[in-house]
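Asks: Prediction below, plus the sequence it came from.
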Amino acid sequence: MIITTTKSAGAITAQKAEALAVRWDASYQQRNKRSIKKWLLETGEAIYVAGDEADIFYPPNSRNGFFFHPSMAKLRAKRVMDGGRDPLIEAAGISEGMSVLDCTLGLGSDSIVLSAASGKTGQVQALEKTKEIEEVVKKGLQQWKQPDLLLNEAMERVRTMHADYSEWLREASDASWDVVYFDPMFHEALAESSSMEPLREAASYGGLQAADVREALRVCRKRVVFKEHARSPVWNTFPEAVRKKSHAAFAYGILEKDV
């Protein structure tokens, strides 16, 4: 992997990029005036571009880079903070002060909405297996500023971590989070989700495993929630899950904690 900076990046960003290259055992190279698209073609390597305000990750031979943008999360979070409804928040039963473990950070959209619903006294910890995605989103959550101060605070409260949730859950304490949430990548892509394309190129696939859900039920205090395509075989694995339909193509599955 190559780590570089935007053409306009300052000295502090360059220093952070060099430190990131050391941490990831990657190659730091000065950007100069090189074109990222041409660089990708020449090297066939992934390129991580650090910027003063935002980072972009380009998987090998990719057409587009992965970058953070709150996108629809802005509208969803604002609606939740104004007392409106959101299918995920209803499925997870989130209220002020609750703690949520989001096992699949991705673009960070659901984490933002969960943070908005759990409020200043709540806690949202998001895990992400792909380190480049976690790094891009972590920086975006802290530095992307909106006119709405409450939305900024909701984004800043989300804590991210580069971790494989399968391993992380096995080390977590019993009943340590109110809700555990999974939104794994759909192998059958939704046609209208063009904004997800860069994420698909960089994301980790594997599907939701029964062993991980069992661990999540041990770790949660209230419930486990997962989001899946309507035709996913996962529904056959968890026939006891209560389905809450959110979209023609997918639904939330709810597994209550046995008490």
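Replies: Thanks, I have the structure now.
Asks: phi, psi of the residue nearest to residue 55 when sequence neighbours are not counted?
Replies: Using Cβ to Cβ, 6 or more residues apart in numbering and skipping the chain neighbours, the partner closest in space to residue 55 is residue 136 (4.9 Å). Any C-beta I mention is one placed from the backbone N, CA and C, and that applies to glycine too. The main-chain torsion angles of residue 136 are listed as degrees, to the nearest 10 and equal phi -60, psi -50.
Asks: any idea of the pLDDT on residue 136?
Replies: What the model reports for residue 136 is a pLDDT of 97.
Asks: for residue 97, same thing?
Replies: Per-residue confidence (pLDDT) for residue 97: 98.
Asks: how deep is it tucked in, by neighbour count?
Replies: Other residues near residue 97 number 12, with proximity taken as other Cβ atoms under 10 Å.
Asks: Would you mind writing the CA trace of stretch 35-51 as CSV?
Replies: Coordinates of the C-alpha atoms in stretch 35-51 are reproduced here as CSV (Å, rounded to 0.1, in the frame of the first residue of the first chain):
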residue,chain,number,x,y,z
SER,A,35,-2.5,11.9,-10.6
ILE,A,36,-4.1,9.3,-8.3
LYS,A,37,-5.8,7.5,-11.2
LYS,A,38,-2.6,7.3,-13.2
TRP,A,39,-0.7,6.2,-10.1
LEU,A,40,-3.3,3.4,-9.5
LEU,A,41,-2.8,2.1,-13.0
GLU,A,42,0.9,2.2,-12.8
THR,A,43,1.3,0.5,-9.5
GLY,A,44,-1.8,-1.7,-9.1
GLU,A,45,-1.5,-0.9,-5.3
ALA,A,46,-4.0,0.5,-2.9
ILE,A,47,-3.4,4.2,-2.2
TYR,A,48,-4.5,6.0,1.0
VAL,A,49,-4.6,9.8,0.6
ALA,A,50,-4.4,11.9,3.7
GLY,A,51,-5.9,15.5,3.6
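Asks: List the residues that contact the residue nearest to residue 55.
Replies: 54, 55, 56, 57, 66, 67, 68 (Cβ atoms under 8 Å, 6 or more residues apart in numbering).
Asks: Over to residue 113?
Replies: Each residue near residue 113 by Cβ under 8 Å, 6+ apart is listed here: 73, 76, 77, 80, 86, 88, 89.
Asks: CSV for the residues you listed, including secondary structure?
Replies: Rendered in CSV, the data for those read as follows (DSSP: H, G, I helix; E, B strand; the rest coil):
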residue, secondary structure
73, helix
76, helix
77, helix
80, helix
86, coil
88, helix
89, helix
